[in-house]
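Chemist: Take a look and give me a structure for this.
(one chain, ligands or ions: 1)
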Amino acid sequence: MSPPTPPSPAKKPAATAPAADAARLLAEHVRQLHTCQKCPNMLKPVVSGGPVLSRVMLVGQAPGDKEPILGRPFAWTAGKTLFRWFQEAAGMSETMFRQRIYMAAVCRCFPGKKPTGGDRVPDPEEIANCGTWMRRELELLKPALVLPVGKLGIQQFLPAEKLDLLIGRQFTVQKAGQTFTVIPLPHPSGASPWHRMEPGKTLLRQALALVVAHPAFQELLREPDPAPPGGGQKALPLWPTNR
Ligand code: SF4
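Modeler: Down below sits the predicted model:
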């Protein structure tokens, strides 16, 4: 694990990949993602936040049973909590978040329920399968800031440690040939009380303050609202996952 580092300035898109090309490649990537059949035990459809061209990437764990029906990640109770955190910390609404931040996940399909209740945890092969999609997203987006949510998301970027040692700090991470800041967040689901009790409450507040202070996030806050469809907007419309 790297020691905490001050946020690095938001990087400009590579000159060799103009925004229009990157948008086209990302749209094609998301189109292919929606056809993925790599994991026989994962339930369809694939859930995606759509081809949002952004230097900030959220990495959730896996969708629950409601997200495939509603056609977007964090569409149910955990999402309500997650978006409230960003509303309170940065004045960023759920709509703004979905339009400006690329929403990835460790696995993009609902794993199904465990016989004993609760959602099944994806197995290592499923995580590796879906990891190939995430690597491509890191290459395409060249993010300046990645926000992994929950232990499974955090473990894709940082060593397995107690949340108390990770939340509220930022790390410089290299993956898929990219170098970026990682600010881990706890999972907002009601299943874990960690973020509602001390020291979790204070550490979560510190983590959100680091996110808001990061230059790439500040840049998102300054962006004008996307133009209406056909107006050549940067953030593309949400991908229809419930087709
Ligand atoms: S979990 Fe990921 S790799 Fe597996 S089938 Fe779904 S989209 Fe494909």
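
Chemist: Point out the other helices and strands that the helix or strand hosting residue 217 packs with.
Modeler: Secondary structure assigned from DSSP states H and E places residue 217 in helix 215-222. Under the contact criterion of 3 or more C-beta pairs under 8 Å, 6 or more residues apart in numbering; DSSP states H and E, helix 215-222 touches strand 56-60. Glycine gets a C-beta too; all of them are placed from N, C-alpha and C.

Chemist: after the strand it packs on, next one along is what?
Modeler: That would be, after strand 56-60 and using DSSP H and E, helix 67-70.

Chemist: The ligand contacts on this protein?
Modeler: 36-39, 42, 46, 107-109, 126, 129-130 (C-beta under 6 Å from any ligand atom).

Chemist: Quick one, which of these are buried?
Modeler: 36, 39, 42, 46, 107-109, 126, 129-130 (16 or more other C-beta atoms under 10 Å).

Chemist: just those now: which is nearest residue 185?
Modeler: residue 107 (17.7 Å; C-beta to C-beta).

Chemist: shaky segments in this protein?
Modeler: Residue ranges of the chain with pLDDT under 70: 1-17, 226-243.

Chemist: Just the strands from it, written as ranges.
Modeler: 56-60, 102-105, 145-148, 171-175, 178-182 (DSSP state E).

Chemist: of the buried ones among the residues of the chain next to the ligand, closest to residue 61?
Modeler: residue 107 (7.4 Å).

Chemist: Pretty sure residue 62 is one of the things the closest one touches, is it not?
Modeler: Yes - between residue 107 and residue 62 there is a contact at 4.0 Å, judged by C-beta atoms under 8 Å.

Chemist: Run the angle between the helix holding residue 217 and strand 178-182 for me.
Modeler: 70 degrees (axes from the mean of the first three to the mean of the last three C-alpha atoms, to 10 degrees).

Chemist: and helix 215-222, which residues are buried?
Modeler: 215-217, 219-220.

Chemist: which of these sit farthest apart?
Modeler: 215 and 220, at 10.0 Å, using C-beta to C-beta across those.

Chemist: Name the nearest residue to residue 104, ignoring sequence neighbours.
Modeler: residue 59 (5.0 Å; C-beta to C-beta, 6 or more residues apart in numbering).

Chemist: Spit out the contact partners of the one you found.
Modeler: 104-106, 134, 146-149, 153, 156-157 (C-beta atoms under 8 Å, 6 or more residues apart in numbering).

Chemist: what sits up against the top helix by length along the chain?
Modeler: Determined from DSSP state H, the single longest helix within the chain is helix 124-141. Counting contacts by C-beta under 8 Å, 6+ apart, the residues outside helix 124-141 that touch it are 22, 25-26, 29, 33, 36, 38-39, 41-42, 53-55, 57, 59, 102, 104-109, 111, 122, 146, 152, 156, 175-178, 180.
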